[in-house]
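**Q** build me a model from this:
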Amino acid sequence: MITSPVKTPRRHFLGRCTTGLASLALWELGMKAQQDVGRADGSGWLGNPHHTPKAKRVIFLFQSGGPSQLDLFDHKPLLENHAGEDLPPSVRKGQRLTGMTAGQDRFPVAPSIFAFNRHGRSGQSISEAMPHLGKVADDLCIVRSMHTDAINHDPAITFFQTGFQLAGRPSMGSWLSYGLGSANENLPNFVVMVSHRSGQPLYNRLWGSGFLPSVHQGVKFRSTGDPVLYLSDPAGMPPEARRRILEDLVALNMESYSKFGDEEILTRISQFEMAFRMQRSIPDLTDLSGEPSQTFDLYGQEARVPGSFAYNCLMARRLAERDVRFIQLFHRGWDHHSDLPGNLQSRCRQTDQPSAALLIDLKRRGMLDDTLVVWGGEFGRTTYSQGEISARHYGRDHHPRCFSIWLAGGGIKGGTSYGATDDFSYNITQDPVSVHDLHATLLHLMGINHQDLTFRFQGRRYRLTDVSGQVIRPWLA
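**A** This next block holds a predicted model:
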């Protein structure tokens, strides 16, 4: 026989749990106290940085698919002398190939069709495909000697985001959120935006918190409807009623926490509260009516279109103004196995002006000095062509052995280049940089010693840089 539950008056329930607004206040004080001190056992570290940071926040412009370093940043004019010839075995050195080109009879060299020009006082060499970026060349540190361990997209992107090729580890933004806490109580500490529909799939785990408390996972902003799911209250639900519901939920959750001590319950309370505050902060964030026309001249008119890369770059600036700690933009469509010249120009038209505009905008507002901006993908592209090749038509396969990224602001020495590759942009000849090195340097600029930001899980202390990584000090201003 099914019996009806015993009905408990709300006032008795709240009194018995000693919750409501009082319990919420106590919970917030406890969470703040937890953020103000480090963990005594060294298994994690929260609160103040290890050393004086150069950057307060990070904007990571991730170009998903693997942009071609040969056609953007790593000029190799001598390739013209070898156009159409097979890549010498002495250059390839038996390195592994993907299944897409391993069966090719030939590996014909494909020089870039794009001209390169020198820009700024520093004379940075940048492709004509990115004319706007050339205007901010003196703010850039171009790294031409990145390398990675993975040769296919999913493990390579996962490795770049989490420091490990297999899914399940915390992402960069989650580690920073865990290590430093939030500087804005009304917005997520880690925000993700995705643009361009076609391209490699992107999964929520790429901005997930892994084994860290889930309060540190990234929050993805959507391009249609509410920027965050369920941000708007249902029809007929006034804010006062929502507040009362949250108080009751706090009461229920605090009762569960008193019984089980599960920290994820505190995370749940935190996220309910954040969602409530975001109902006011997000509309203000996304209201562009106060932006002058010069803003859209700078970023391009696409910045008026939610979901475009230009719009996301403008939103990144607005999020940075509000002290969001880690802002990551994913732009898909850089996987150019065929018709690279046409496809690459399309991606550059979507990203070049907004990327440069973001640096200009931050600099005008006095924010570039303490905002670290990073641009790059998961790997590079091969010197040899995949499939058909002609003077104006070629494709390139994945290449993990060397690729290019750039950094700006946030303690980075602008107008500099770092690392070098051989005449075929196939092997690194000077100053190799691993993904772990990049992560270590990123954390260092944020005031964190990468070896000391750890979390104990399943009997081992984990960190973003796993078991290696060093700070690349020549990058530092």
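**Q** check contacts around Phe164.
**A** By CB atoms under 8 Å, 6 or more residues apart in numbering, the contact list for Phe164 reads Thr158, Asp466. The C-beta positions use only the backbone N, C-alpha and C, and glycine is treated the same way.
**Q** so it, which state does it fall into?
**A** coil (DSSP: H, G, I helix; E, B strand; the rest coil).
**Q** from Pro354, how far off is it?
**A** Distance of Phe164 to Pro354, computed by CB to CB, to the nearest Å: 31 Å.
**Q** what's the answer for Pro234, then?
**A** 36 Å.
**Q** higher neighbour count, these two?
**A** Each of Pro234 and Pro354 has its neighbours counted (other CB atoms under 10 Å); Pro354 has more, 27 against 7.
**Q** wait, the more buried one touches Arg317, no?
**A** No. Assessed by CB atoms under 8 Å, Pro354 is found out of contact with Arg317, at 10.2 Å.
**Q** what residues does the helix or strand harbouring His398 touch?
**A** Per DSSP states H and E: His398 is located in strand 396-399. Around strand 396-399, the neighbours that count as contacts under CB under 8 Å, 6+ apart are 66, 68, 70, 97-98, 100-101, 110, 151-153, 156, 336-337, 340, 379-386, 426.
**Q** what lines up beside that strand in the sheet?
**A** strand 380-385 (antiparallel) (DSSP bridges).
**Q** can you show me the CA trace of the strand holding His398 as CSV?
**A** Provided in CSV are the C-alpha atoms of strand 396-399 (Å, rounded to 0.1, in the frame of the first residue of the first chain):
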residue,chain,number,x,y,z
ARG,A,396,48.0,19.3,-45.9
ASP,A,397,47.7,16.5,-43.3
HIS,A,398,48.2,16.7,-39.6
HIS,A,399,51.7,17.4,-38.3
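**Q** state the next helix or strand along the chain beyond that strand.
**A** Assigned by DSSP H and E, the successor of strand 396-399 is strand 403-408.
**Q** tell me the mean pLDDT for the next helix or strand after that next one?
**A** Using DSSP H and E, the helix or strand that follows strand 403-408 in sequence is strand 416-418. Strand 416-418 carries an average pLDDT of 98.
**Q** show me what secondary structure element comes after strand 416-418.
**A** strand 420-421.
**Q** list the residues that contact Arg243.
**A** Contacts of Arg243 by CB under 8 Å, 6+ apart are Phe276.
**Q** for it, give its distance to Glu273.
**A** Taken as CB to CB, the span from Arg243 to Glu273 is 10 Å.
**Q** likewise for Ser258?
**A** 18 Å.
**Q** which one of these two has more residues nearby?
**A** Neighbour totals were compared for Ser258 and Glu273, and Glu273 leads with 18 against 12 (other CB under 10 Å).
**Q** which residue is the nearest non-sequential neighbour of the more buried one?
**A** Closest residue in space to Glu273, ignoring its immediate chain neighbours: Leu246 at 7.0 Å, by CB to CB, 6 or more residues apart in numbering.
**Q** which helix or strand contains the one you found?
**A** Going by DSSP H and E, Leu246 is part of helix 239-260.
**Q** with just CA atoms, put whichever helix or strand comes after that helix into PDB.
**A** As assigned by DSSP H and E, the chain's next helix or strand after helix 239-260 is helix 263-286. Output of helix 263-286 as PDB, limited to C-alpha atoms (Å, rounded to 0.1, in the frame of the first residue of the first chain):
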ATOM      1  CA  GLU A 263      31.600  18.700  -1.100                       C
ATOM      2  CA  GLU A 264      29.600  18.300  -4.400                       C
ATOM      3  CA  ILE A 265      26.600  19.300  -2.400                       C
ATOM      4  CA  LEU A 266      28.200  22.600  -1.600                       C
ATOM      5  CA  THR A 267      29.000  22.900  -5.300                       C
ATOM      6  CA  ARG A 268      25.400  22.400  -6.100                       C
ATOM      7  CA  ILE A 269      24.400  25.200  -3.700                       C
ATOM      8  CA  SER A 270      27.100  27.400  -5.300                       C
ATOM      9  CA  GLN A 271      25.800  26.800  -8.800                       C
ATOM     10  CA  PHE A 272      22.200  27.500  -7.800                       C
ATOM     11  CA  GLU A 273      23.300  30.800  -6.300                       C
ATOM     12  CA  MET A 274      25.500  31.600  -9.300                       C
ATOM     13  CA  ALA A 275      22.600  30.900 -11.700                       C
ATOM     14  CA  PHE A 276      20.400  33.300  -9.700                       C
ATOM     15  CA  ARG A 277      23.000  36.100  -9.800                       C
ATOM     16  CA  MET A 278      23.600  35.500 -13.500                       C
ATOM     17  CA  GLN A 279      19.900  36.300 -14.200                       C
ATOM     18  CA  ARG A 280      20.900  39.900 -13.700                       C
ATOM     19  CA  SER A 281      24.600  39.900 -14.700                       C
ATOM     20  CA  ILE A 282      24.200  38.100 -18.100                       C
ATOM     21  CA  PRO A 283      21.700  40.500 -19.700                       C
ATOM     22  CA  ASP A 284      24.000  43.400 -18.800                       C
ATOM     23  CA  LEU A 285      26.900  41.500 -20.200                       C
ATOM     24  CA  THR A 286      25.300  40.700 -23.500                       C
END
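**Q** same question for helix 263-286, mean pLDDT?
**A** 80.
**Q** distance from that helix to the middle of the chain?
**A** In terms of CA atoms, centre = their mean, to the nearest Å, the centre of helix 263-286 is found 21 Å from the chain centre.
**Q** show me the shaky parts of this protein.
**A** 1-47 (pLDDT under 70).
**Q** three-state assignment of the closest residue to Ser270 other than its chain neighbours?
**A** For Ser270, ignoring the flanking residues on the chain, the nearest one in space by CB to CB, 6+ apart is Val215 at 5.2 Å. Assigned by three-state DSSP, the conformation of Val215 is helix.
**Q** the one 10 residues further on now?
**A** Using three-state DSSP as the criterion, the local structure at Gly225 reads coil.
**Q** okay, now it: neighbour count?
**A** Gly225, neighbours per other CB under 10 Å, totals 10.
**Q** next: Ser293.
**A** Neighbours of Ser293 (other CB under 10 Å): 7.
**Q** what sits against the residue nearest to Glu273?
**A** Here Leu246 is in contact with Phe272, Glu273, Phe276 (criterion: CB under 8 Å, 6+ apart).
**Q** for Asp297, see how far away Arg304 is.
**A** 11 Å.
**Q** those two: who's more crowded?
**A** The neighbour count for Arg304 versus Asp297, taken as other CB under 10 Å, is higher for Arg304 (15 against 11).
**Q** who's the closest spatial neighbour of that one, skipping the chain neighbours?
**A** Arg304 sits nearest to Phe296 (CB to CB, 6+ apart), 6.1 Å away.
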